[in-house]
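Asker: When you get a sec, could you give me coordinates for this:
(chains A, B, C and D)
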There are 2 protein chains.
Amino acid sequence: MKHDSRLSGVLHVLLHMIEAGKPITSEGLAEMMSTHPVVVRRIMAGLRDAGFVHSEKGHGGGWTVICDPASVTLDDIYAAIGSPPVFALGHRSENPACLVEQAVNASLETAFRDAEQLLLERLRTVTLAALAADFHQRYLAKRGTRKDISHAV
Amino acid sequence: MKHDSRLSGVLHVLLHMIEAGKPITSEGLAEMMSTHPVVVRRIMAGLRDAGFVHSEKGHGGGWTVICDPASVTLDDIYAAIGSPPVFALGHRSENPACLVEQAVNASLETAFRDAEQLLLERLRTVTLAALAADFHQRYLAKRGTRKDISHAV
DNA sequence: TCATCATGTAACATTTATTGTTACATGAAA
DNA sequence: TTTCATGTAACAATAAATGTTACATGATGA
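Answerer: Next up, the predicted model:
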């Protein structure tokens, strides 16, 4: 399987949208993510359905953030894109009749379930606003070496 | 990407090998894993290099466990198969120049690193012997409904 | 009204990793 | 010396994310 970078990518453009304060087109977001506009629409559709962003057609249209960044966590975004599988490792078969495989699966499932719970807990502790604040800190630390907050590839 | 079931699969056959107490051929192990003998050899090669199993050619040959199940943990087996990627989720680019992406990556990396550490900790607490014991418990609980410990698909 | 911009979505192609298969060499046992 | 079994390279099949094309829909502006 390929690496799933949807969460990383969508968080990236969400912050840019927050900074921009005005609609950005799928094409603009796609450029930031180094991807295709249709891919952007595909992912953003989930955020729109969840009520986090709004899309407008026609001239001056595009995507805008319509949620409060301080009350939306990374876990919310993860859920909005459809809660894709966290792990690349998994079982061969569910509900095996083989008792040996049952023992193996039970043990692995416990470990993976705990790890996933911890991950989601961590995601729940980070809001979009916190990410934005982190960005601003990095920006200030770079003051003088950059002229604006535009996207650098 | 496809699901990686190597860890699950190899643990499964390792327990069968412990129970068997005599060499099992790649073909026999492949049947238990519902896969191809070459796939078995490919995975077992790592365990052989790590010194956990031994392979013998010719008549009566096959694979045998040559380690102490009580002193080998699931984490050891995970390492022996090459420590494949744990997560299906990841970044789009490492070392991005974009400060926004840096902020996003930093936050996600913390969460994923912690989750992975917890997972490996859990794997370190389970030995092959513990898995075998778990299997025996399940076997006793089923006493009367099964005649042997043979592999059931 | 109508040309243009932008999203919405289906359908299909590409990519990347695991998994499956074939082929052939090597070595051990009967 | 035949048969069994591993060792490994090379290639095919598969699955899931990602990339692309095509076309419909709706909004804006002249």
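
Asker: what about the longest helix along chain A, near chain B?
Answerer: Longest helix of chain A, by residue count under DSSP state H: helix A:99-124. Yes: between helix A:99-124 and chain B, judged by CB under 8 Å from any CB of the partner chain, the touching residues are A:99-108, A:110-112, A:114-116, A:118-119, A:122-123. (C-beta placed from N, C-alpha, C; glycine too.)

Asker: List the contacts of stretch A:37-53.
Answerer: Residues outside stretch A:37-53 that contact it (CB atoms under 8 Å, 6 or more residues apart in numbering or on different chains): A:6, A:9-10, A:13-14, A:17, A:25-27, A:29-30, A:33, A:54-55, A:63-67, A:72, A:76-77, A:79-82.

Asker: An error on my part: the question was meant for stretch A:10-22.
Answerer: A:24, A:29, A:32-33, A:40, A:43-44, A:47, A:52-53, A:63-65, A:69, A:74, A:77, A:81, A:128, A:131-132, A:135, A:149, A:151, B:92, B:98, B:100-101, B:103-104, B:108.

Asker: Sort out which residues of it are buried, please.
Answerer: Under the neighbour-count criterion of 16 or more other CB atoms under 10 Å in any protein chain shown, stretch A:10-22 has A:V10, A:L11, A:H12, A:V13, A:L14, A:L15, A:H16, A:M17, A:I18, A:E19, A:A20 buried.

Asker: Need the CA coordinates for that stretch. PDB is fine.
Answerer: Once non-C-alpha atoms are left out, stretch A:10-22 reads as follows in PDB (Å, rounded to 0.1, in the frame of the first residue of the first chain):
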ATOM      1  CA  VAL A  10      -5.300  18.700   4.800                       C
ATOM      2  CA  LEU A  11      -3.900  20.100   8.000                       C
ATOM      3  CA  HIS A  12      -1.300  21.900   6.000                       C
ATOM      4  CA  VAL A  13      -3.800  23.700   3.700                       C
ATOM      5  CA  LEU A  14      -6.200  24.300   6.600                       C
ATOM      6  CA  LEU A  15      -3.600  26.400   8.300                       C
ATOM      7  CA  HIS A  16      -2.900  28.300   5.100                       C
ATOM      8  CA  MET A  17      -6.600  29.000   4.800                       C
ATOM      9  CA  ILE A  18      -6.800  30.300   8.300                       C
ATOM     10  CA  GLU A  19      -3.900  32.600   7.600                       C
ATOM     11  CA  ALA A  20      -5.300  33.700   4.300                       C
ATOM     12  CA  GLY A  21      -8.600  34.900   5.700                       C
ATOM     13  CA  LYS A  22     -10.200  34.800   2.200                       C
END
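
Asker: tell me the mean pLDDT over that stretch?
Answerer: For stretch A:10-22, the per-residue pLDDT values average out at 96.

Asker: Could you do stretch A:106-119 as well?
Answerer: Per-residue pLDDT values over stretch A:106-119 give a mean of 97.

Asker: Would you mind listing what in chain A touches DNA strand D?
Answerer: When proximity is defined as CB under 7 Å from any atom of the strand, chain A approaches DNA strand D at A:1-6, A:9, A:34-36, A:38-39, A:56-61, A:84-85.

Asker: Good, we can wrap up now.
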